[in-house]
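# Here is a sequence with its predicted model. Questions after.
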Amino acid sequence: MKRLILAAAVVFVGAPFAVAQDAPTGAEPSRVVGAPRGKALDGDALAARTEDVAGLLRCPVCQGLSVADSPATMAVNMKGQVKELLAQGYDQEQILAYFENSYGEFVRLEPPLRGVNWLVWLGPVLALAAGGVIVAWTLRARRRAGSVEPEAPLPGPDTLPDDPKLARHVRRVRELAYGWPDGRPPGTSA
Amino acid sequence: MSQPVVGERKPRALNQRVLLLGFLVVAPLVAVLLLNLGRDPHVIDSPLVGRAAPEFTLQPLDGGEPVTLASLRGRPLVLNFWATWCVPCFQEHPLLVSAARALGDRARFIGVIYEDSEEQVQGFLARQGSAYPSLLDPGSRTAIAFGIFGVPETYFIDAEGRIAAKHVGPLDAASLEAKLRQAGLSP
């Protein structure tokens, strides 16, 4: 008997999906989240969706890892359950709600849009908008007060600083950058 | 000697409005940090407390009929998730065994084995003694349904199957008694 249970456990961990119906069950998902609302998946679609949904669940025994990314036994077991639920036709929201029922909102890696969580999603957008308003406001106030100095015209290519030492350097730079002999623009005399 | 190219800015008095705005931003952050300094972020309140315990049907370690939660109703239940590889479980084991013996029919004690092998658990119980059944939980289905983060974690379930309290970490005599009372243990 014990050997049988052990064998069942090994098979269960190795290929939980084939024997799921016969295996001892925890809480019935249908009691928690109702009848499956989605389409029962199999094959490649099932494998891909399992990764997606497991990626939205936080591994309870890890530090900030998703169930899809964690090698912990607990995460592997949870991922197995996700796959099983998808194969039975539960949709993503039902599966997340099923785990949330046991673990609380903690188990969701993305906080759902409700209650105080709206702040998490809308906060950055609101802060950005508020920042834009403040910048626009400040600019307008400055313009009105006339405190913005009119921009000085850019110096032309033939103007040089008054300081002779600085002027020498500017000419040298122009010579290097533009290839003007002695840093003088073509068409101007020394 | 080179002349400074950019003129130095005149120092301005502190802008009080900017200061106030900065304070309004920083103060709530500091408040949140201070309020949570003493809290262990790993202890998360179980959403199951106050609600009906998840049903389970699990095989006992030493064979025999599967045990269902429904069959355990009628008395306060101590449902202890544990493993032999967990040191705090080892520490609390004598307390659970002696409490189960002392309380007799007044309360039920059940262990649920978490991520462990049957041989290990049998060896452990043979060495350390046992006074109540331990159930096998393949694939941790029951542990997941109960929202277990690690072991030991203990649920206190009342006679009607409602979760009255949860304890995270090793139990001490005082918490065991207090939480059993919450689950309806008569004095």
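Looks like it arrived, so ask away.
# what's the burial count for the residue nearest to A:Thr73 when sequence neighbours are not counted?
The shortest distance from A:Thr73 to any residue other than its chain neighbours is 5.2 Å, reached at B:Glu115 (C-beta to C-beta, 6 or more residues apart in numbering or on different chains). No exception for glycine: its C-beta is placed from N, CA and C like everyone else's. Using other C-beta atoms under 10 Å in any protein chain shown, the number of residues around B:Glu115 comes to 20.
# residue contacts, B:Ile157?
When contacts are counted by C-beta atoms under 8 Å, 6 or more residues apart in numbering or on different chains, B:Ile157 is found next to B:Ala53, B:Leu69, B:Leu72, B:Pro76, B:Leu77, B:Leu79, B:Ile163, B:Ala164, B:Ala183.
# so where do the helices sit in chain B?
Secondary structure of chain B (DSSP state H): helices at B:16-36, B:87-103, B:118-128, B:141-145, B:173-182.
# wait, isn't A:Met74 in contact with A:Pro60?
Yes - the pair A:Met74 and A:Pro60 qualifies as a contact (C-beta atoms under 8 Å) at a distance of 6.2 Å.
# Low-confidence regions, chain A specifically.
Within chain A, the set of residues satisfying pLDDT under 70 comprises A:1-27, A:147-150, A:189-190.
# Tell me where it has helices.
With DSSP H, the ranges of helices along chain A come out as A:2-14, A:29-33, A:43-54, A:73-87, A:92-103, A:117-145, A:164-178.
# would you turn those into a markdown table with mean neighbour count?
Rendered in a markdown table, the data for the helices of chain A read as follows (neighbours: other C-beta atoms under 10 Å in any protein chain shown):
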| stretch | mean neighbour count |
| --- | --- |
| helix A:2-14 | 14 |
| helix A:29-33 | 17 |
| helix A:43-54 | 15 |
| helix A:73-87 | 22 |
| helix A:92-103 | 21 |
| helix A:117-145 | 11 |
| helix A:164-178 | 13 |
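# Look up how far A:Arg142 lies from the residue nearest the centre of chain B.
The C-alpha lying nearest the average C-alpha coordinate of chain B belongs to B:Val168 (C-alpha atoms, centre = their mean; 2.9 Å). Note on B:Val168: its distance to A:Arg142, by C-beta to C-beta, to the nearest Å, is 58 Å.
# For the residue most central in space within chain A, which non-adjacent residue is closest in space?
Computing the C-alpha centroid of chain A and ranking residues by C-alpha atoms, centre = their mean puts A:Glu110 first, at 9.6 Å. Ranked by C-beta to C-beta, 6+ apart and with sequence neighbours excluded, the top spatial neighbour of A:Glu110 is A:Leu56, at 6.1 Å.
# what about the one you found, how many residues close to it?
The number of residues packed around A:Leu56, counting by other C-beta under 10 Å, is 18.
# what does the one 4 residues further on give?
Here the neighbour count serves as a burial measure; for A:Pro60 (other C-beta under 10 Å) it reads 23.
# Who wins on neighbours among the contacts of B:Ile157?
Neighbour count (other C-beta under 10 Å) singles out B:Leu77 as the most crowded of the contacts of B:Ile157, with 25 neighbours.
# Quick check: can you list the domain ranges of chain A?
A:2-107, A:114-148, A:155-190 (automatic domain parsing).
# Quick one, which of those gets closest to B:Thr154.
With C-beta to C-beta as the criterion, B:Thr154 lies closest to domain A:2-107 of these, at 15.6 Å.
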